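>>> what follows is a predicted structure for the sequence shown.
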Amino acid sequence: MQQKPLIALLAVTAFALVLAAFAVLGNGGPFADPLVGTPVLPEVAPNLAAITRVSLVRGDVATTLIRDGEAWAVAERGNYPADAQKLRALLLGLAELTYVEPKTKQPQSYPRLQIEDAGDKDAKSTLITITDAKSSLLGEVIAGKRRVDQLGGGDDGVYLRKPGNAQSWLARGTLDVSGDTASWLDQKLFDLPAAGVKEVVLAAPDGSRLTITRDKPEDKFRLVELAKDKKLKSDDALAAPAAALAGFTLSDVKLAAGANFPSDGVSHARFAMFNGLTVTIDLTDQDKVSWARIVASGSGDAAATAQGLNSRLAPWVFALPQYEADLLKTRLATLLAPPKAS
């Protein structure tokens, strides 16, 4: 007699469990939000070629990436070229974002997902705005915390919210908007491997200098200033400064016209290559950052190379990564073996 109520109770319980499962999964079934599985920014993918401007705002820092012909540039750095690979990854990431699961609508919970309103000084969210050449809005989203492989199968997740909309979401997709404005610059300057270096002259502000030289590419480097009673600390002690311009990069950039590059307290580095190219770098330290002014010259076949370098580099001064600056300011004492104990 009690089987029917028990069966009814089990049926109700099972139905409740199904409802709970759909509520938790939020990715299918008749109770799923209709946005689940749809693109977050539906106008981006079909209009990738039409995008001419991407604005990123995090806290009080704005970065504006603009299309300059077929290339992209960073507006806040005098339209210096942007990192094409990083920008391409950003655009594809925006185009591929899809809604997975609705999250909180409570503003007090936004900071935990890093989706608070952008523009606040301490905000960790990033407001991304995408427009075309007519300034028509193609998409806008507040991007928050990333979760690598959160959705399994190598699929990343990212929390986000549309501006003016209280509803936040977990979305499927890879979106990396980390870093400051300088991180969007094309950081590659040039590559002069040590194999082509004939001579390096490093001059410090106090007038001391190092001359690292060799006669033929197959010869070992020698230090002109090495006294007879001194020894290098190792056989390859000269290799690092000689290779300082291999894979040479920047960490930031500014227009030379307003840089106020000083004439005093400047270090100088000159690299002469076997092919006739010479690159001279002047270095000054400002606010614990080493800024470089670069000039190239060349003879023979290297003349065209020098002209190309100058046309690209002359309008700018470059902040260098610390390890590169240190190599260009190498001192004699750092190359010598310590004196033997008496």
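Done, it's in. Numbers count the residues shown, from 1 in each chain.

>>> next one: Glu218 from Trp291, what distance?
36 Å (C-beta to C-beta, to the nearest Å). (C-beta placed from N, C-alpha, C; glycine too.)

>>> quick one: which of those two has more around it?
Ranked by neighbour count (other C-beta atoms under 10 Å), Glu218 and Trp291 place Trp291 first, with 24 against 7.

>>> how about that one, nearest residue that isn't a chain neighbour?
Val317 (5.1 Å; C-beta to C-beta, 6 or more residues apart in numbering).

>>> show me what contacts the one you found?
Val253, Lys254, Leu255, Ala256, Ala259, Phe261, Trp291, Ala292, Arg293 (C-beta atoms under 8 Å, 6 or more residues apart in numbering).

>>> of these, just the buried ones, PyMOL syntax please.
Provided next is the PyMOL selection string for whichever of these are buried by 16 or more other C-beta atoms under 10 Å:
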select buried, resi 253+256+259+291+292+293
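
>>> host element of the nearest residue to Gly119 once chain neighbours are set aside?
Nearest residue to Gly119, sequence neighbours excluded (C-beta to C-beta, 6+ apart): Val57, at 6.2 Å. Under the criterion DSSP states H and E, the helix or strand holding Val57 is strand 51-58.

>>> show me the strands in the stretch 1-150 of the chain, by range?
For the stretch 1-150 of the chain, applying DSSP state E, counting those that start in this stretch gives strands covering 51-58, 61-68, 71-74, 80-81, 98-102, 126-132, 137-147.

>>> any chance of those in TSV, with mean pLDDT too?
Shown next, in TSV, are the strands of the stretch 1-150 of the chain (pLDDT from 0 to 100):
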stretch	mean pLDDT
strand 51-58	97
strand 61-68	94
strand 71-74	96
strand 80-81	97
strand 98-102	96
strand 126-132	97
strand 137-147	95
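
>>> next, format those as a markdown table and append mean neighbour count.
Shown next, in a markdown table, are the strands of the stretch 1-150 of the chain (neighbours: other C-beta atoms under 10 Å):
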| stretch | mean neighbour count |
| --- | --- |
| strand 51-58 | 20 |
| strand 61-68 | 18 |
| strand 71-74 | 20 |
| strand 80-81 | 20 |
| strand 98-102 | 19 |
| strand 126-132 | 20 |
| strand 137-147 | 20 |
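
>>> okay if I get those strands as CSV plus distance to Ala304?
As requested, these are exported to CSV (distance: least, C-beta to C-beta, whole Å):
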stretch, distance to Ala304
strand 51-58, 33
strand 61-68, 24
strand 71-74, 22
strand 80-81, 21
strand 98-102, 49
strand 126-132, 38
strand 137-147, 41
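
>>> looking at those, which is closest to Leu160?
Closest approach to Leu160 among the strands of the stretch 1-150 of the chain (C-beta to C-beta): strand 137-147, 5.3 Å.

>>> where in the stretch 201-342 of the chain is pLDDT low?
Within the stretch 201-342 of the chain, the segments meeting pLDDT under 70 span 341-342.

>>> redo that, cut-off 50
Within the stretch 201-342 of the chain, no range satisfies pLDDT under 50.

>>> so what's the closest residue to Leu65 other than its chain neighbours up against?
Nearest-residue entry for Leu65: Val54, 4.4 Å, with adjacent residues in sequence omitted and distances by C-beta to C-beta, 6+ apart. Val54 is in contact with Thr64, Leu65, Leu87, Leu90, Leu91, Ile128, Thr129, Ile130, counting by C-beta under 8 Å, 6+ apart.

>>> and Val201, how many neighbours?
Neighbour tally, Val201, other C-beta under 10 Å: 16.

>>> what kind of secondary structure is it in?
Using DSSP: H, G, I helix; E, B strand; the rest coil, the structure places Val201 in strand.

>>> residue contacts, it?
Contacts of Val201 by C-beta under 8 Å, 6+ apart are Arg209, Leu210, Thr211, Ile212, His268, Ala269, Arg270.

>>> that older thread, specify the beta-bridge partners of the residue nearest to Gly119.
On the basis of DSSP bridges, Val57 is bridged to Ala62, Leu127.

>>> next up, the contacts around it.
Applying C-beta under 8 Å, 6+ apart, the residues near Val57 are Thr63, Ala118, Gly119, Thr126, Leu127, Thr129.

>>> TSV for the contacts of Val317, including secondary structure and distance to Asp285?
Shown next, in TSV, are the contacts of Val317 (DSSP: H, G, I helix; E, B strand; the rest coil; distance: C-beta to C-beta, whole Å):
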residue	secondary structure	distance to Asp285
Val253	strand	16
Lys254	strand	15
Leu255	strand	19
Ala256	helix	17
Ala259	coil	13
Phe261	coil	12
Trp291	strand	8
Ala292	strand	11
Arg293	strand	13
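
>>> now, which of the contacts of Val317 sits nearest Val141?
Val253 (28.6 Å).

>>> how near is the residue most central in space within the chain to Leu90?
Centrality entry for the chain: nearest residue to the mean C-alpha point is Ser183, 3.2 Å, by C-alpha atoms, centre = their mean. Per C-beta to C-beta, Ser183 is found 12 Å from Leu90.
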